[in-house]
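Trainee: Predicted structure and sequence below. I'll ask about it afterward.
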Amino acid sequence: MATMLNEKPNAEELPSTGAAGMILDGRYLPPPEDKDGKIWIRTSALIQAEPQNLYELWRNVEAAPSWQEQITQVIATGERTSHWAMESDGKTIEWDAEILADEPGKRIAWHSIGGDADTAGEVIFEVAPGGHGTMVTVLQEFRMGKLTSAWETIVGRNPKQAVIENLRHFKALAETGEIPTIQGQPNYDRGMIGKLKASTYGETVPTPSGTNSL
Amino acid sequence: MKAVCWMGTSKVETLTVPDPQLLNPHDAIIKITRTAICGSDLHLYDGFIPTMEAGDVLGHEFMGIVEEVGKDVTNLRRGDRVVVPFTIACGSCLFCKKKLWAACDNTNPNAHLAEASYGYSGSGLFGYSHMMGGYAGGQAQYARVPFANVGPLKIESDLPDEKVLFLSDIFPTGYMAAENAQIQPGDTVAVWGCGPVGQFAIASAFMLGAARVIAIDRFPERLQMARSLGAITVDYSEEDVSVLTALKDLTGGIGPDSCIDAVGLEAHSSQLQGVYDKVKSALMLETDRPSVLRQAIQAVRKGGTLSIPGVYGGLLDKVPFGSAFGKGITMKMGQTNMQTYMRPLLERIEKGQIDPSYIISHRITLEQAPEMYKIWRDKKETVTKIVIDPWAENRV
């Protein structure tokens, strides 16, 4: 077998297991299925920055409102615990979170510990194949509850899409120092249908500010 | 400010909207001095591009004077004169690093809409649907330009606006089309569509070494322009003219080395397939009318290259892919990687190699824009290119 292919000038060694259960013994594994009231989302982004810097940006939980949609405030309540508040349709949803694993430059895992959310997740930072940036993979699970239903019914994003959009914002912020937006730009009155469409496009979800101000 | 707004299919109005504001640290506000209507704006006018919404400000070809810059814009200051590219690029993502600016990963706030229909999202565009970012466009008195440190090209010479305005889209688009055609010195190149992009594709094909260019259209004024650049013209609307036969006749039977489709999704066809596509798109069984694409695939020589600057938006029917495979052709296409071409093409203008203003046929005010959309769409006047002075008062 060893002599089947002896010329692979740039091939990299395969990991026996990959981030967030994506690879096992050379096989790709799909994300976990939604079942028993639990929904899963796995998403990844290729970001032009060092794993360590991305880890630090993510680990700074109090800065989360600058790139996560609808999060109004995060207060670090301990070395590994924090209190989260999310504003949705004038109501505030709150919960506490705890970091379960903290591997600088590599991985953060967390879960909620009471309040209006029932969620757990991890984020993995790996140098991408060929050194083309950092591959950031997020795996998150939600149990249907106040947090997920608020997301789904009010802001026009289901929780899966919200995780995808948050990683997109994280990438834009890390790469460019800002999060692209069209909120606040001029347009003529859109009428009823136009406003409805803006909502289905997700354009009514406030874009997080990014860390920089004008 | 006054702005040209899309208010529905075949409905464009000049309306008063709020002035744009700085929204992000890399934004600039431009006071627009000249702007233009693009052939691709007619696809919006005709309702061929999904996710346009009533109230959207149109326009993606504009230039002007920097009025205000965000705190992270380091290379521009108030008073600078700039041409703004129609594709918005961040300059930092993997694609911008590869100089694939039109594929920028970070500039479409509605990337999920494009992902749903295209797989991945390209860069944000000015005034070209919410799927492409929903950015307010430049047929207005002011515009907000995101990532102003990456896009706008400073004009430091005293060249008049009209000579440099088309660096915002159609000159680089025509040039990239010719580059994508992989022209070798001495090649024969066929160009479908002699509108502005086709004109610049013809000119660029010659600049890149084509020995002969064959230009295909039906409007006498456009064909005349193409001949004045040195092309041989084929009027497909003339009785007894078959484009495929003409291209064989003019190439010793082998077909052009490269074909450029500068028409795109709203091709007209005098033959049965024109009717076929009209019916199918009316029934929403296809979104685009690809009759030029079909013809260009048939026409290009074995092993030749097909370059597509014409815009396609969705699903195409009856594309002769077997012909493409059988002849082993190469196809290259896509939105223009503007930032790669703007400076070198400005240099060509400065050196006097080309004066892009030759295509202008109409100079109008913002108030006249809605009517001109209609006139151009209905081909009621000889229109090649419409330029708007957003500060001019209406002539009585």
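Mentor: Here it is on my side, so go on. This one's a predicted model, so the numbers in the text were calculated from it and none came from an experiment. Residues are numbered from 1 along each chain as shown, chains lettered A, B, ... in the order given.
Trainee: Kindly export the longest strand that chain A contains (C-alpha atoms) in PDB.
Mentor: Among the segments of chain A that qualify as a strand by DSSP state E, the longest is strand A:91-103. Taking C-alpha atoms only, strand A:91-103 is exported to PDB below (Å, rounded to 0.1, in the frame of the first residue of the first chain):
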ATOM      1  CA  LYS A  91     -37.800  42.000  26.200                       C
ATOM      2  CA  THR A  92     -34.500  41.000  27.800                       C
ATOM      3  CA  ILE A  93     -33.500  37.400  28.000                       C
ATOM      4  CA  GLU A  94     -30.700  36.600  30.400                       C
ATOM      5  CA  TRP A  95     -28.600  33.600  31.200                       C
ATOM      6  CA  ASP A  96     -25.300  32.600  32.700                       C
ATOM      7  CA  ALA A  97     -22.500  30.700  30.900                       C
ATOM      8  CA  GLU A  98     -19.500  28.800  32.000                       C
ATOM      9  CA  ILE A  99     -16.400  27.900  30.100                       C
ATOM     10  CA  LEU A 100     -15.700  24.200  30.300                       C
ATOM     11  CA  ALA A 101     -12.400  24.100  28.300                       C
ATOM     12  CA  ASP A 102     -10.000  26.900  27.600                       C
ATOM     13  CA  GLU A 103      -7.000  26.000  25.500                       C
END
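Trainee: Run through the neighbouring helices and strands of that strand.
Mentor: For strand A:91-103, the packing partners by 3 or more CB pairs under 8 Å, 6 or more residues apart in numbering or on different chains; DSSP states H and E come out as strand A:81-88, strand A:107-115, helix A:146-154. C-beta here means a position set from N, CA and C on the backbone, and glycine is covered the same way.
Trainee: Adding mean neighbour count, distance to chain B and mean pLDDT as columns, could you present those in TSV?
Mentor: Converted to TSV, the helices and strands packed on strand A:91-103 look like this (neighbours: other CB atoms under 10 Å in any protein chain shown; distance: least, CB to the nearest CB, whole Å; pLDDT from 0 to 100):
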stretch	mean neighbour count	distance to chain B	mean pLDDT
strand A:81-88	19	19	91
strand A:107-115	17	23	94
helix A:146-154	18	15	67
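Trainee: Make CSV out of the ones you listed and add distance to A:W95.
Mentor: Formatted as CSV, the helices and strands packed on strand A:91-103 follow (distance: least, CB to CB, whole Å):
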stretch, distance to A:W95
strand A:81-88, 5
strand A:107-115, 3
helix A:146-154, 7
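Trainee: Which stretch among the ones you listed approaches A:L167 most closely?
Mentor: strand A:107-115 (13.4 Å; CB to CB).
Trainee: C-terminal to that closest one, what's the next element?
Mentor: As assigned by DSSP states H and E, the chain's next helix or strand after strand A:107-115 is strand A:119-127.
Trainee: Quick check: the gap between B:G328 and chain A.
Mentor: 27 Å (CB to the nearest CB, to the nearest Å).
Trainee: shouldn't that residue be in contact with B:R301?
Mentor: No - judged on CB atoms under 8 Å, B:G328 makes no contact with B:R301 at a distance of 10.3 Å.
Trainee: more neighbours, those two?
Mentor: Between B:G328 and B:R301, counted using other CB atoms under 10 Å in any protein chain shown, the more crowded position is B:R301 (21 against 9).
Trainee: how about stretch A:125-134: buried residues?
Mentor: Residues of stretch A:125-134 classed as buried: A:F125, A:E126, A:A128, A:G133, A:T134 (neighbour count, 16 or more other CB atoms under 10 Å in any protein chain shown).
Trainee: Let me know the average pLDDT across it.
Mentor: Stretch A:125-134 shows a mean pLDDT of 93.
Trainee: Please apply the same query to stretch B:352-363.
Mentor: 96.
Trainee: near chain B, from the buried residues of stretch A:125-134?
Mentor: Near chain B, taking CB under 8 Å from any CB of the partner chain as the test, the members of the buried residues of stretch A:125-134 found are A:G133.
Trainee: Can you lay out the buried residues of stretch A:125-134 as TSV showing distance to B:R78?
Mentor: As requested, these are arranged in TSV below (distance: CB to CB, whole Å):
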residue	distance to B:R78
A:F125	41
A:E126	44
A:A128	40
A:G133	35
A:T134	37
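Trainee: any idea which helix or strand of chain B has the worst average confidence?
Mentor: Within chain B, no helix or strand scores below helix B:272-282, which has a mean of 65 by mean pLDDT, DSSP states H and E.
Trainee: and the helix or strand following that one, how far out from the chain's middle?
Mentor: With elements assigned by DSSP H and E, the helix or strand that comes after helix B:272-282 is helix B:291-299. Averaging C-alpha positions (CA atoms, centre = their mean, to the nearest Å) puts helix B:291-299 20 Å from its chain's average.
Trainee: CA atoms only: put helix B:291-299 into PDB for me.
Mentor: Extracted as PDB, the C-alpha positions of helix B:291-299 are listed here (Å, rounded to 0.1, in the frame of the first residue of the first chain):
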ATOM      1  CA  SER B 291     -29.200  33.100 -26.900                       C
ATOM      2  CA  VAL B 292     -25.900  34.800 -27.300                       C
ATOM      3  CA  LEU B 293     -24.200  32.400 -24.900                       C
ATOM      4  CA  ARG B 294     -25.600  29.500 -27.000                       C
ATOM      5  CA  GLN B 295     -24.300  31.000 -30.200                       C
ATOM      6  CA  ALA B 296     -20.900  31.900 -28.800                       C
ATOM      7  CA  ILE B 297     -20.400  28.300 -27.500                       C
ATOM      8  CA  GLN B 298     -21.200  27.100 -31.000                       C
ATOM      9  CA  ALA B 299     -19.000  29.600 -32.800                       C
END
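Trainee: So which residues on chain A come close to chain B?
Mentor: Counting by CB under 8 Å from any CB, chain A sits next to chain B at A:46, A:48, A:132-133, A:161, A:164-165, A:168, A:171-172, A:175-191, A:193-194, A:197-198, A:201-203, A:207, A:210, A:212-214.
Trainee: If any of those are buried, give me the PyMOL selection for them.
Mentor: Per 16+ other CB under 10 Å, the buried members of the residues of chain A next to chain B correspond to this PyMOL selection:
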select buried, chain A and resi 48+133+161+164+165+168+171+172+175+176+177+178+179+180+181+182+185+186+187+188+190+194+197+198+201+202+203+207+210+212
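Trainee: where does chain A dip in pLDDT?
Mentor: For chain A, the stretches with pLDDT under 70 are A:1-2, A:18, A:89, A:150-156, A:212-214.
Trainee: ok and the lengthiest helix in it relative to strand A:119-127, angle-wise?
Mentor: If you go by DSSP state H, chain A has its longest helix at helix A:159-176. Calculated by axes from the mean of the first three to the mean of the last three CA atoms, to 10 degrees, helix A:159-176 forms an angle of 30 degrees with strand A:119-127.
Trainee: For helix A:159-176, output the C-alpha coordinates as PDB.
Mentor: In PDB, the C-alpha atoms belonging to helix A:159-176 read as follows (Å, rounded to 0.1, in the frame of the first residue of the first chain):
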ATOM      1  CA  PRO A 159     -30.700  30.100  15.900                       C
ATOM      2  CA  LYS A 160     -28.700  28.200  13.300                       C
ATOM      3  CA  GLN A 161     -28.500  31.200  11.000                       C
ATOM      4  CA  ALA A 162     -27.700  33.400  14.000                       C
ATOM      5  CA  VAL A 163     -24.600  31.300  14.700                       C
ATOM      6  CA  ILE A 164     -23.600  31.400  11.000                       C
ATOM      7  CA  GLU A 165     -24.100  35.200  10.900                       C
ATOM      8  CA  ASN A 166     -22.200  35.700  14.200                       C
ATOM      9  CA  LEU A 167     -19.200  33.800  12.800                       C
ATOM     10  CA  ARG A 168     -19.400  35.900   9.700                       C
ATOM     11  CA  HIS A 169     -19.400  39.100  11.800                       C
ATOM     12  CA  PHE A 170     -16.500  37.700  13.800                       C
ATOM     13  CA  LYS A 171     -14.500  37.100  10.600                       C
ATOM     14  CA  ALA A 172     -15.200  40.600   9.200                       C
ATOM     15  CA  LEU A 173     -14.300  42.200  12.400                       C
ATOM     16  CA  ALA A 174     -11.000  40.200  12.800                       C
ATOM     17  CA  GLU A 175     -10.000  40.800   9.100                       C
ATOM     18  CA  THR A 176     -11.100  44.400   8.600                       C
END
